[in-house]
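**Student:** Okay, predicted coordinates and the sequence, questions at the end:
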Amino acid sequence: MLSNFACHPENSKGRLYNEEPSLFRTPYQRDRDRIIHSSAFRRLKHKTQVFIEHEGDHFRTRLTHSLEVSQVARTIANVLRINSDLTEAIALAHDLGHTPFGHTGEETLNECMKNFGGFNHNLQTFRIITLLEKNYAEFHGLNLTWETLEGILKHSGPLKKSLKDMYSFSNKEYKFNLDNYPSLEGQVASISDDIAYNSHDLDDGLRANLFSFQDVTKLPLIDESFNFINRKYFNENQLIKQKHTLRLFFNNLVLDTINQTKCNLNRFFSKPLNSITVQDIRNCKHQIVTFSDSCAEDLNLIRAFLFEKMYRHEEVEYLRGKSKVVVRDLFKILSENVDLLPLSWANLLAKDHRTEGLTRLVSDYISGMTDRYAIQKHSRLTGLKIFS
């Protein structure tokens, strides 16, 4: 049974374009299914998480990352008795707007777009699901429910002024309050992203031999997990201990989030939990779904470790440099030669006033590319093989 402060599907604010309800799916289940069947979701399979897609078959991609986030999000949602279908939909969609080559691609495309409104992957996700996906005759985008759109747009919290100014959000149509927090479902999807990448980036870094397991066991939170596992499985080999340690660390982050969120609900609201509403959650001046203070401090040290040892490792930096060249060249060439865009994209410029001009259209096109397609397109247009 859902909590009173959960998003109940029968109370949904609905969709921008009215549709007949499904006979056997709730609105949020329908949203989740539309996201999974979208072209943008399928392309995540070949988009970088940290390692460029062709570097190895076992490293995370944006797709596997999104699946891991949704798994964590559903678990937390079920314990808190909020809507797990809505939480899952938000989690699955949260990275749809990511460029090829991960955050490197995003940073480079933002530099290219600095005089044209900038680029942000979270806002690009919103653009994809409200405009760029074209699967239906009746409307642009996926026509998701108001609650799913709100959770995706604000899953990282209220929008900063710079992000508000970056794009037009058609607020006359959707009427979002960009200054408050989203539902608990959106907040759970956000923190599940943090839990997933902090855990799996350690696993991928170990697999790539960017640092040793001995280095990892010296980190806060993980040291406690390792000591427990080492006592319990003393005679097992290091690989088994490593997998068990990271799994326990992952589990402890989930438990910490659940416990702290329950504390926050009691801390931030003076009335009984069963009388708190969804709007009370949105109006709260504090983020409710959080890590404990001690866990958050320890995670900052783990993030610093990953930044130094992994995200800025010389091998990763070498590939980052190549990625920047590909994105910059593609943006310059396509901006100067609109005839090189596929006909369907070029037609958008002429027919759809919401494409906001050529540079935004080029940005949309490049950001939707997979790693492999961007590399191949760059090679065809320049005759260069940046990645061999």
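**Tutor:** Arrived safely. Numbering: from 1, shown residues only.
**Student:** where in the stretch 201-350 of the chain is pLDDT low?
**Tutor:** 346-350 (pLDDT under 70).
**Student:** can you give me the helices for it?
**Tutor:** Assigned by DSSP state H, counting those that start in this stretch, the stretch 201-350 of the chain shows helices spanning 213-216, 222-232, 238-268, 278-283, 293-306, 314-336, 343-351.
**Student:** wait, which of these is closest to Ala196?
**Tutor:** Set against Ala196 and scored by CB to CB, those come closest in helix 238-268, at 8.3 Å. In this view, the C-beta of every residue, glycine as well, is placed from N, C-alpha and C.
**Student:** and that closest one, what does it pack onto?
**Tutor:** Secondary-structure packing of helix 238-268 (3 or more CB pairs under 8 Å, 6 or more residues apart in numbering; DSSP states H and E): helix 62-80, helix 184-207, helix 213-216, helix 222-232, helix 293-306.
**Student:** who does the host helix or strand of Arg360 touch, helix- and strand-wise?
**Tutor:** Under the criterion of DSSP states H and E, Arg360 resides in helix 358-367. Helices and strands touching helix 358-367, by 3+ CB pairs under 8 Å, 6+ apart, are helix 102-112, helix 121-127, helix 314-336, helix 343-351.
**Student:** Just want the angle from the helix or strand just after it to helix 314-336.
**Tutor:** Going down the chain from helix 358-367, the next helix or strand is helix 371-382, by DSSP H and E. Inter-element angle recorded for helix 371-382 and helix 314-336: 50 degrees (by axes from the mean of the first three to the mean of the last three CA atoms, to 10 degrees).
**Student:** mean confidence score for helix 371-382?
**Tutor:** For helix 371-382, the mean per-residue pLDDT is 94.
**Student:** just to revisit the earlier point, tabulate the helices of the stretch 201-350 of the chain in CSV, adding columns for distance to Gly14 and mean neighbour count.
**Tutor:** Below are those laid out as CSV (distance: least, CB to CB, whole Å; neighbours: other CB atoms under 10 Å):
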stretch, distance to Gly14, mean neighbour count
helix 213-216, 47, 16
helix 222-232, 45, 16
helix 238-268, 27, 17
helix 278-283, 15, 16
helix 293-306, 36, 15
helix 314-336, 38, 17
helix 343-351, 27, 12
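**Student:** Specify the stretch among those helices that is closest to Tyr181.
**Tutor:** Closest to Tyr181 of the helices of the stretch 201-350 of the chain is helix 278-283 (CB to CB; 6.2 Å).
**Student:** where does the stretch 1-150 of the chain have low pLDDT?
**Tutor:** Ranges of the stretch 1-150 of the chain meeting pLDDT under 70: 51-58.
**Student:** Which parts of it are strands?
**Tutor:** In the stretch 1-150 of the chain, no strands are defined using DSSP state E, counting those that start in this stretch.
**Student:** could you list every residue that touches the closest residue to Phe5 other than its chain neighbours?
**Tutor:** Of all residues beyond its chain neighbours, the one nearest Phe5 is Ile276 (4.4 Å), with distances taken as CB to CB, 6 or more residues apart in numbering. By CB atoms under 8 Å, 6 or more residues apart in numbering, the contact list for Ile276 reads Ser3, Asn4, Phe5, Leu265, Phe269.
**Student:** Please tell me how far the last one sits from Ser39.
**Tutor:** To tie it back to what came earlier, the one meant is Phe269. Distance of Phe269 to Ser39, computed by CB to CB, to the nearest Å: 41 Å.
**Student:** which one of these two has more residues nearby?
**Tutor:** For Phe269 versus Ser39, neighbours defined as other CB atoms under 10 Å are more numerous around Phe269 (16 against 13).
**Student:** which residues touch that one?
**Tutor:** Counting by CB under 8 Å, 6+ apart, Phe269 touches Ile276, Asp280, Cys284.
**Student:** Phi and psi next, for the first one.
**Tutor:** Dihedral angles phi and psi of Ile276 (degrees, to the nearest 10) take the values phi -80, psi 140.
**Student:** still on that earlier bit, and the contacts of Phe269 as JSON lines, adding distance to Asp95?
**Tutor:** Below are those laid out as JSON lines (distance: CB to CB, whole Å):
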{"residue": "Ile276", "distance to Asp95": "30"}
{"residue": "Asp280", "distance to Asp95": "29"}
{"residue": "Cys284", "distance to Asp95": "26"}
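**Student:** Which member of these is positioned nearest Trp146?
**Tutor:** Asp280 (17.7 Å).
**Student:** roughly how far apart are the closest one and Pro158?
**Tutor:** Asp280 sits 16 Å away from Pro158, taking CB to CB as the criterion.
**Student:** who touches the helix holding Arg360?
**Tutor:** With CB under 8 Å, 6+ apart, helix 358-367 has contacts from 97-100, 105, 109, 112-113, 116-117, 119, 121, 124, 127, 132, 327, 330-331, 334-335, 338, 341-342, 345, 348-349, 355, 374.
**Student:** Please state the offset of stretch 35-53 from the chain centre?
**Tutor:** The chain centre lies 11 Å from the centre of stretch 35-53; the measure is CA atoms, centre = their mean, to the nearest Å.
**Student:** Nearest residue to Asn180 in space, ignoring adjacent ones along the chain?
**Tutor:** Once flanking residues are discounted, Asn180 sits nearest to Arg282: 5.1 Å by CB to CB, 6+ apart.
**Student:** Could you double-check that that neighbour sits in contact with Leu184?
**Tutor:** No - counting by CB atoms under 8 Å, Arg282 stays clear of Leu184, with 9.6 Å between them.
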